[in-house]
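Chemist: with the input below, show me the fold.
(chains A and B, ligands or ions: 1)
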Amino acid sequence: MTKTSASSFLIAILFSAGAHAEAPAGASSSAAAPTYTLTLTVEGVRTAEGEIMAQLLKADDTTGTAPPLLGIRAPAIAGVTALSFTGLEAGDYAVRVFHDEDSDGEMKTNAFGMPKEGFAFSNRAKARFGPPDFNDMKVSVSADTATSAVMAY
Amino acid sequence: MDRRTFLTRLAALSGAAASITLPSASGQTPTSIGAIDRARTSNPLLAGFDNAPGDLDFPDLFIEGKLPEGLSGIFYRNGPGQHALAGERYHHWFDGDGYLHRWQIGEGRVAFKGRFAATPKRLAEQAAGKFLYPASGGGVPSREGISGPDGINVANTNLLPVKGGLWGLWEGGSALRLDPVTLEASGFVSLREDFDGAPFSAHPRVGEDGRIWNIGTMGKRLAIYRLQSDGALDAAKVHTIPAAGLIHDFLLTCKSVVVILSSTRVEGSAADGLFNSIKGRPDLSMQVKVYDRESLTLIREAELPAGYVFHFGNAHEDDTGTLRFDMAYSTNCDAVQAMRAPMLGKFPESSSQACLVTLPGKGAPKLEPVKNDIEFPRINPLYAARRHQFVYAAAQSIPGKSLWFDAVAKLDLDTGKQAFAYYGEDWLVEEHVFVPKRGGSGEDDGWLLGTALNWKLQKTALNILDARDPGAGPLARIWLDQPLPLGFHGQFVHGA
Ligand SMILES: [Fe+2]
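Modeler: Coordinates of the predicted model:
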């Protein structure tokens, strides 16, 4: 099976912040700021095999980019799998998800680097000729917030 | 093609492009079919870009003239057949679902079967009664997401007969497995697990030994495939190349796979269709990349003058490493964009020229123009990868005179001699395929089979020419009682 080196990078991102949805170190340092929970409902999970991996991106207006903030995962539940990110400062976020059905911790890809495992995006954004734009995936957090994503396999 | 930067970019979600750029608007303009409807009413030639009808079955068609003795088999054709649905029209001629023809010829009779290629994309859209997915040419809303190129695979470009089977070909994704008798689809071909969903182009080349070579391109990736005659994958290798955007065809010699990058690069946004991202670059030479056909490794590179090529005829390589091949060469580097015209109710203005290329092992290439305004070059398949003398193509008898091809040309690459089957101004002529006569002698001993649309009668016909004397006109013309949209490519499979 071909795996992109990119996917190992994802794993590093996903797990550097701990196995469960903890606030990122940077966020908790500003002790005074209120924090919120973002709940993500992943629909269309086709099997209970493996895990649902979710990566949170946070908009950074100063650089005009949305770097990954942390990753979490949960055992896949066929149908709907829910995850939540806690301790988030107010801001604009997006979530990218994939279903690691073979539990190898990586997004399986073909020889062209195309995904062979299912994926989904917050705000029910869909892939067209590439991943959705940030705006399509965007979830603005200024209170406890819920969003959903639909798996595509 | 770079419908097709596609999931290379989607793969970015798996990581390294960890940051994404903040927000960019994605333009999605639904298109009304009003413009072409108005043009269509006043221009009967545009029947060539109507939707195909649904299933057609004609057991015994009217034959004008006489079927040649010894010709028996099945002539398959493919081309886009669903240009519009529920008031929306694609923006590019290449986007419609494939409509498959099966002309069964033998024992003095011809039967016809027409079916749409039942891809998952088509089945979902027909069930919904509207377009659901993004198109390479853009212009239709994306109502549903996709998980890979096969989500928008239309299997509309060509066919590949493999031992005991038939594949419907697109170029951005997998081959579609078809029943050679019923034309029913049964899912995409898996060549090997690590190539599932990867691009497999629409112009595979069958070598003199029966093995099959093909390419697949997306973004900066070029796959070269080698298959056995039954379609089993022998070997495949992925190379990195400049992102030219669309490499529609390639060449095969007895030693090499020759891939030629036209003067285009993926530069713009693909948000509304990947064709939108392909820019003509007349400042860039065409790049020739020669790969060893056994090891699939790069062995040689060269350059040709700037231009665009959809189709090649055939190539031969001698002991000194001199490559000789013919191509349908266009100096318009934006030829991909020119093929939007039919969706606007116009005929494409871009044209290509038959050109003979000699590329010595060392030294400058020689380009010799052969004939203006041709496309769809074909050769005697028994001469594939060997030295060929004749190429046959759809042609304008008088360059620039007609909106579409009105003739079939036989071009002699050795002597420069040209012969034409002139169909007349009532006809829109499509690709003609060379069918060698069994036990024949000589390269041109066979027939040319091809469809043409008579716009005055609003009927499509299959034409059979004597390749030795195309100027004599069709030996037989088999009439459908209705028009079919203009298509792309056909393949002939000899009867038992
Ligand atoms: Fe083609």
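
Chemist: my read: B:Asp150 touches B:Gly173, true?
Modeler: Yes. With contact defined as C-beta atoms under 8 Å, B:Asp150 reaches B:Gly173; the gap is 4.2 Å. In this view, the C-beta of every residue, glycine as well, is placed from N, C-alpha and C.

Chemist: list residues touching both of these two?
Modeler: B:Phe188, B:Gly197 (C-beta atoms under 8 Å, 6 or more residues apart in numbering or on different chains).

Chemist: of the two, who's got more company?
Modeler: Legend: neighbour count by other C-beta atoms under 10 Å in any protein chain shown for B:Asp150 and B:Gly173, higher for B:Gly173 (30 against 24).

Chemist: make sure that one is indeed in a helix.
Modeler: No. B:Gly173: not assigned to a helix; according to DSSP: H, G, I helix; E, B strand; the rest coil it is coil.

Chemist: distance between the ends of stretch A:41-59?
Modeler: 21 Å (C-alpha to C-alpha, to the nearest Å).

Chemist: give me phi/psi at the closest residue to chain A within the stretch 351-496 of chain B?
Modeler: Residue of the stretch 351-496 of chain B nearest chain A, by C-beta to the nearest C-beta: B:Phe488 (22.4 Å). Per-residue torsions, B:Phe488: phi -110, psi -80 (degrees, to the nearest 10).

Chemist: any idea of the pLDDT on the residue found closest to it once you drop the neighbours it is linked to in the chain?
Modeler: Closest residue to B:Phe488 apart from its sequence neighbours, by C-beta to C-beta, 6 or more residues apart in numbering or on different chains: B:Gly79 at 4.6 Å. In this model, B:Gly79 is scored at 98, pLDDT.

Chemist: please apply the same query to A:Phe9.
Modeler: pLDDT, read off for A:Phe9, is 31.

Chemist: again with B:Gly273
Modeler: Looking at B:Gly273, its pLDDT reads 86.

Chemist: tally of neighbours for it?
Modeler: Residues near B:Gly273, counting by other C-beta under 10 Å, number 25.

Chemist: hang on, it packs against B:His91?
Modeler: Yes. Look at B:Gly273 against B:His91 with C-beta under 8 Å: they come within range, at 7.1 Å.

Chemist: need the overlap of contacts for those two.
Modeler: B:Ala135, B:Gly137, B:Gly138, B:Gly139.

Chemist: residues in contact with the first one?
Modeler: Which is B:Ala135. Listed by C-beta under 8 Å, 6+ apart, the contact set of B:Ala135 reads B:Tyr90, B:His91, B:His92, B:Asp95, B:Ile152, B:Gly273.

Chemist: what of the third one?
Modeler: When the contact criterion is C-beta under 8 Å, 6+ apart, the partners of B:Gly138 are B:His91, B:His92, B:Asp272, B:Gly273, B:Phe275, B:Asn276.

Chemist: pick out the residue in chain A sitting closest to chain B.
Modeler: Proximity to chain B, evaluated over chain A using C-beta to the nearest C-beta, is greatest for A:Lys126 at 2.7 Å.

Chemist: under a three-state scheme, what state does the spatially closest residue to that residue that is not a sequence neighbour occupy?
Modeler: Leaving aside its chain neighbours, A:Lys126 sits nearest to B:Gly145 (2.7 Å; criterion: C-beta to C-beta, 6+ apart). Following three-state DSSP, B:Gly145 is assigned to coil.

Chemist: shaky segments in the stretch 1-150 of chain B?
Modeler: By pLDDT under 70, the low-scoring segments of the stretch 1-150 of chain B are B:1-36.

Chemist: just the closest residue of it to chain A, please.
Modeler: Nearest residue of the stretch 1-150 of chain B to chain A (C-beta to the nearest C-beta) works out as B:Gly145 at 2.7 Å.

Chemist: ok, that residue touching A:Phe129?
Modeler: No. At 11.0 Å, B:Gly145 does not count as touching A:Phe129 under the criterion of C-beta under 8 Å.

Chemist: neighbour count winner among the two?
Modeler: Between B:Gly145 and A:Phe129, A:Phe129 has the larger neighbour count (other C-beta under 10 Å), namely 28 against 21.

Chemist: these two touch, right, that one and B:Gly268?
Modeler: No. Using C-beta under 8 Å, A:Phe129 is not in contact with B:Gly268; the gap is 11.8 Å.

Chemist: show me what contacts residue 103?
Modeler: Unless you meant another one, I'm taking chain A. A:Glu49, A:Gly50, A:Glu51.

Chemist: wrong chain, I was asking about chain B
Modeler: Counting by C-beta under 8 Å, 6+ apart, B:Trp103 touches B:Ile74, B:Phe75, B:Tyr76, B:Arg77, B:Val110, B:Ala111, B:Phe112, B:Leu462, B:Ile478.

Chemist: returning to that earlier point: mind picking the two most distant members of the contacts of B:Ala135?
Modeler: Longest distance between any two of the contacts of B:Ala135 is 14.0 Å, between B:His91 and B:Ile152; criterion C-beta to C-beta.

Chemist: which one's more surrounded, those two?
Modeler: B:Ile152 (26 against 21).

Chemist: for the more buried one, grab phi and psi.
Modeler: phi -120, psi 20.

Chemist: and it, how far from B:Val140?
Modeler: Using C-beta to C-beta, to the nearest Å, B:Ile152 is found at 10 Å from B:Val140.

Chemist: can you pull the residues that touch both of these two?
Modeler: In contact with both B:Ile152 and B:Val140: B:Tyr133, B:Pro134, using C-beta under 8 Å, 6+ apart.

Chemist: low-confidence ranges in chain A?
Modeler: Where chain A drops to pLDDT under 70, the residues are A:1-31.

Chemist: ok, which stretches of it are strands?
Modeler: Applying DSSP state E to chain A gives strands spanning A:36-45, A:51-58, A:65-66, A:68-75, A:79-88, A:91-100, A:119-121, A:139-141, A:145-150.

Chemist: hmm, back to that, most neighbours, which of the contacts of A:Ser103?
Modeler: A:Gly50 (19 neighbours).

Chemist: bridging residues for A:Tyr93?
Modeler: With DSSP bridges as the criterion, A:Tyr93 is bridged to A:Lys58, A:Val139.
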